[in-house]
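Undergrad: Quick one: sequence plus predicted model below, questions after.
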Amino acid sequence: MTPDIAPIEWTGDSLRLLDQTLLPARVEYRDITDVDDLVDAIKRLVVRGAPALGVAGALGVVVALRQGEREGWDAATLDAAITRIREARPTAVNLAAGVDRVRSLAEKGTDAVLAEALAVLDEDVQGNHAIGRHGADWLSTRLGAKPLRLLTHCNAGALATAGWGTALGVVRELHTRNLIDTVYANETRPLLQGSRLTAWELHQLGIPYYVQPDSAAAGTILRGHVDAAIVGADRIAANGDTANKVGTLAVALACAAAGIPFLVAAPWSTIDLSTPDGEHIPIEQRSPAEILANGPASVTPEGARAHNPAFDVTPARLITALITETGPLILADGQTPARAR
Ligand SMILES: CSC[C@H]1O[C@H](OP(=O)(O)O)[C@H](O)[C@@H]1O
């Protein structure tokens, strides 16, 4: 299935990444042929979002194999390079899973690894369309087949995946059914994935939206302006506890207080059955500089300290339903990934 916005693709000679640090002002691509450049791109969120990181990890092994052939790497050097890709960001389980899925095929040659990596990409796009259908069906059944007012946090659109999107994939499916009234997109400090990326996607798709401060979300929800919230995920534990962009937990708490559905949309590749619960999900701590300055301009006193966790964990009890490519898991009713698999 051909993806729409293609944030990540294989050109035949390189891993091509849409540079998401430049959006929405500029649409520019980076052709990656070097492991150091890929690790940098992952760490700087040139490529980001759990499913997209899974594809980047899988295709990253091809980059490493080809660089190793060019530069005459021994097995230990190659293995260390692949491990650097795998460990470039800790929370999204998809990155490590994408690397692990293909690295064992290296003994069969680069073409075998590439074929499996491209399968990861295609499976993601197909799965996202299924998530969109299941999520739209669930919301229309639960809330009525009427135009809905939804709230999103961060970016779980085509840009965070190999195409179509997960949480935004549900929004897009509802939009094709004329069932979107408006979307409240949290700007998502500090890197503004909501205002820079989600708004960019919604704008292109002609879906009505407001960008709002993350701190406005609870009031928007509790004042009755939202019918449901839907977000992506970076790692879902066996009991359904879910790590997602920092600020997600606050949205879930507000939805619980308001009595409206809080949905997580994610493929099974984001579920990590070896992680028993949210306490065991590693949370990426990012640079204080992302908090202390707004680009070149400092926004804090000299010497200020900053606490910058990139994710938080929403307990399963606050998640109404987890929408996967195989259908909804009603976590609030005690269904869990561990039991469903
Ligand atoms: C479809 S998963 C998207 C998920 O990843 C984002 O994190 P980041 O932008 O730091 O890669 C955020 O948690 C999104 O919900």
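TA: Perfect, thanks for sending it.
Undergrad: residue ranges of the strands in the stretch 201-341 of the chain, please?
TA: 209-212, 228-231, 235-237, 242-245, 262-265, 271-272, 293-294, 297-298, 311-314, 321-324, 327-329 (DSSP state E, counting those that start in this stretch).
Undergrad: could you give me the average pLDDT of the fourth one?
TA: So the one you mean is strand 242-245. Mean pLDDT, computed over strand 242-245, is 98.
Undergrad: Is that strand positioned near the ligand?
TA: Yes - Strand 242-245 lies within reach of the ligand by C-beta under 6 Å from any ligand atom, at Asn244, Lys245. Any C-beta I mention is one placed from the backbone N, CA and C, and that applies to glycine too.
Undergrad: partners of that strand in the sheet?
TA: strand 235-237 (antiparallel), strand 311-314 (antiparallel) (DSSP bridges).
Undergrad: pLDDT on the last one, on average?
TA: For strand 311-314, the mean per-residue pLDDT is 98.
Undergrad: just to revisit the earlier point, and the strands paired with strand 242-245 as a markdown table, adding distance to Gly57 and mean neighbour count?
TA: Output for these, formatted as a markdown table (distance: least, C-beta to C-beta, whole Å; neighbours: other C-beta atoms under 10 Å):
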| stretch | distance to Gly57 | mean neighbour count |
| --- | --- | --- |
| strand 235-237 | 14 | 29 |
| strand 311-314 | 18 | 24 |
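Undergrad: Tell me which of those sits nearest to the ligand.
TA: strand 311-314 (6.2 Å; C-beta to the nearest ligand atom).
Undergrad: on that earlier part again, need the strands of the stretch 201-341 of the chain in a markdown table (columns: distance to Leu191).
TA: Shown next, in a markdown table, are the strands of the stretch 201-341 of the chain (distance: least, C-beta to C-beta, whole Å):
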| stretch | distance to Leu191 |
| --- | --- |
| strand 209-212 | 14 |
| strand 228-231 | 16 |
| strand 235-237 | 19 |
| strand 242-245 | 9 |
| strand 262-265 | 20 |
| strand 271-272 | 24 |
| strand 293-294 | 11 |
| strand 297-298 | 16 |
| strand 311-314 | 12 |
| strand 321-324 | 25 |
| strand 327-329 | 29 |
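Undergrad: Quick one: the strands paired with strand 242-245 as JSON lines, columns for distance to Val63 too.
TA: JSON lines is the format used below for these (distance: least, C-beta to C-beta, whole Å):
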{"stretch": "strand 235-237", "distance to Val63": "24"}
{"stretch": "strand 311-314", "distance to Val63": "26"}
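Undergrad: Next SSE downstream of the helix or strand Leu59 falls within?
TA: Using DSSP states H and E, Leu59 maps to helix 50-71. As assigned by DSSP H and E, the chain's next helix or strand after helix 50-71 is helix 75-86.
Undergrad: name the helices or strands packed onto that next one?
TA: With contacts defined as 3 or more C-beta pairs under 8 Å, 6 or more residues apart in numbering; DSSP states H and E, helix 75-86 has these neighbours: helix 35-43, helix 50-71, helix 93-103.
Undergrad: Repeat the analysis, applying 6 Å as the threshold.
TA: Using 3 or more C-beta pairs under 6 Å, 6 or more residues apart in numbering; DSSP states H and E, the elements in contact with helix 75-86 are helix 50-71, helix 93-103.
Undergrad: Could you report the neighbour count for the nearest residue to Cys154 once chain neighbours are set aside?
TA: Distances taken as C-beta to C-beta, 6 or more residues apart in numbering place Lys245 nearest to Cys154, at 3.7 Å, with adjacent residues excluded. Look at Lys245: counted by other C-beta atoms under 10 Å, it has 28 neighbours.
Undergrad: Does the helix holding Leu59 reach the ligand?
TA: Yes - Helix 50-71 lies within reach of the ligand by C-beta under 6 Å from any ligand atom, at Ala50, Pro51.
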